[in-house]
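Visitor: Sequence first, predicted coordinates after that:
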Amino acid sequence: MNQKLTPSELGANPSVRLSDDGASVVIIDQTLLPRETKIPALQSIEEMYDAIFKLRVRGAPAIGIFAAYCVAVLAAHSAARDFTAFTDELRAHIRYLDASRPTAVNLGKQLRRMERVLGAQSDITTAVETLQSEAFAIHREDIAMCRAISEFGVTLLRDGDGVLTHCNAGPLATSRYGTGLGPILMAHERGMTLHAYVDETRPLLQGARLTAYELYNAGVDTTLICDNMASIVMREGRVNAAFVGCDRVAMNGDAANKIGTSGVAILCKHYGIPLYVCCPSSTIDPNCATGDDIVIEQRDGDEIAEMFYANRVAPVGVKCYNPAFDVTPHGLITAIITEKGILREPYDLAINS
Ligand code: MRU
């Protein structure tokens, strides 16, 4: 049986963890950072759904780990009297959580993994223990994958490089290190001097609020830019590489990530700058042949029209279009970095090898 993660495995301020008594999932509410560090302990399915939907917990790997712990906690709280009622109840919770966000592969993947473990049990007590162990295993695996991705990514950086990143693919979005930010943080830890350019990432400002916070606190030389400034920063020769995370990769290498990533990719191509997409290999979805098969989450227009403004800026009633992700065509991606290595075109062959 897997044991709970030690404090040294978890590191300082994990974005997601199980409470010591196993009764709640503890998260850092990412909607409030960096202004306020609130650490709620969630127990009910409604709070859990809401945490994913409202992006209190966000970032593809972090959502997957969170969902696994949610299933373990819901199992521990079940009042079902027999095993059939117990599994029915948990399966309904799993379906409900799975509907909270569509684009990141990790949510559904980790929920299905927990459901498979549930299906292999025959009594409630063992099921509760085994589900908890599986959630710990998922968390541990993510830490190892992020570390490996970061190690591969560091080999693509040189001392003095300027690196642009979009959205937040750091420790908050994962377990530790991060994916897109992992190489930058690891290179910095190893004494390299890097200059990070952080897209603010409209409309929810994950770059300004979370990436700038993580890199700046780690001591990386960090400059925040508006999304529409990436082109001039690249034209001025300040950017040697772009590193981003990813929510789902199709079998041909098309990659969905936070809205605006494909624009960064087009700029990189124009200026001859390599674009690296960093993700665990489990982000590659065998059910998606190309990026056209990836479901793009659509969010409320108020996130554009009024959120983060003291007063609403847009006319009341104006139409808003708010896709939360976009797909970067594989031809614009220099390499996809997973825990297994650095994959390059043709991605269908690299992925299948
Ligand atoms: O909507 P979000 O904030 O969950 O979007 C997150 C991203 O797009 C990240 O880049 C992606 O999940 C990779 S996180 C390691």
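Guide: Arrived safely.
Visitor: and the closest residue to S150 other than its chain neighbours, how many residues sit next to it?
Guide: Among residues not flanking S150 along the chain, G182 sits closest, at 3.2 Å (C-beta to C-beta, 6 or more residues apart in numbering). Any C-beta I mention is one placed from the backbone N, CA and C, and that applies to glycine too. G182: 29 surrounding residues under other C-beta atoms under 10 Å.
Visitor: ok, now which ones touch G182?
Guide: 146-147, 149-150, 153, 169-170, 174, 278 (C-beta atoms under 8 Å, 6 or more residues apart in numbering).
Visitor: ok, 10 Å please
Guide: Contact analysis of G182 by C-beta atoms under 10 Å, 6 or more residues apart in numbering lists 145-154, 169-171, 174, 176, 243, 245, 278, 337.
Visitor: Can you list phi and psi of it for me?
Guide: Backbone dihedrals for G182, given as degrees, to the nearest 10, come out at phi -50, psi -50.
Visitor: Return the distance of it relative to T126.
Guide: Note on G182: its distance to T126, by C-beta to C-beta, to the nearest Å, is 36 Å.
Visitor: again, but for M145
Guide: Taking C-beta to C-beta, one finds M145 at 28 Å from T126.
Visitor: Neighbour count for these two, which is higher?
Guide: Under the criterion of other C-beta under 10 Å, the comparison of M145 against T126 puts M145 first, with 24 against 12.
Visitor: Quick one: check the helix or strand where the more buried one lies for contact with the ligand.
Guide: Assignment of secondary structure by DSSP states H and E places M145 within helix 124-154. No. Shown here: helix 124-154 not in contact with the ligand (C-beta under 6 Å from any ligand atom), separated by at least 8.2 Å.
Visitor: Please compute how far that helix lies from its chain's middle.
Guide: Chain-centre distance of helix 124-154: 15 Å, with C-alpha atoms, centre = their mean, to the nearest Å.
Visitor: Run a quick neighbour tally on the residue in the chain positioned nearest to the ligand.
Guide: Closest contact between the chain and the ligand, by C-beta to the nearest ligand atom, is at G245 (2.7 Å). Around G245 there are 30 other residues, counting by other C-beta under 10 Å.
Visitor: now swap in L267 and tell me
Guide: Neighbourhood size, L267 [other C-beta under 10 Å]: 20.
Visitor: I'd like the numbering to begin with 676 instead of 1 from here.
Guide: OK, 676 is where the count begins now, so the last one is L942.
Visitor: how about the residues of the stretch 876-1025 of the chain near the ligand?
Guide: Proximity of the stretch 876-1025 of the chain to the ligand, by C-beta under 6 Å from any ligand atom, involves residues 881, 920-922, 932-933, 999.
Visitor: Okay, domains of the chain per the record?
Guide: Domain assignment for the chain by automatic domain parsing gives 682-822, 823-1027.
Visitor: Redo those as JSON lines? Include mean pLDDT.
Guide: Putting the domains of the chain into JSON lines (pLDDT from 0 to 100) gives the following:
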{"stretch": "domain 682-822", "mean pLDDT": "97"}
{"stretch": "domain 823-1027", "mean pLDDT": "97"}
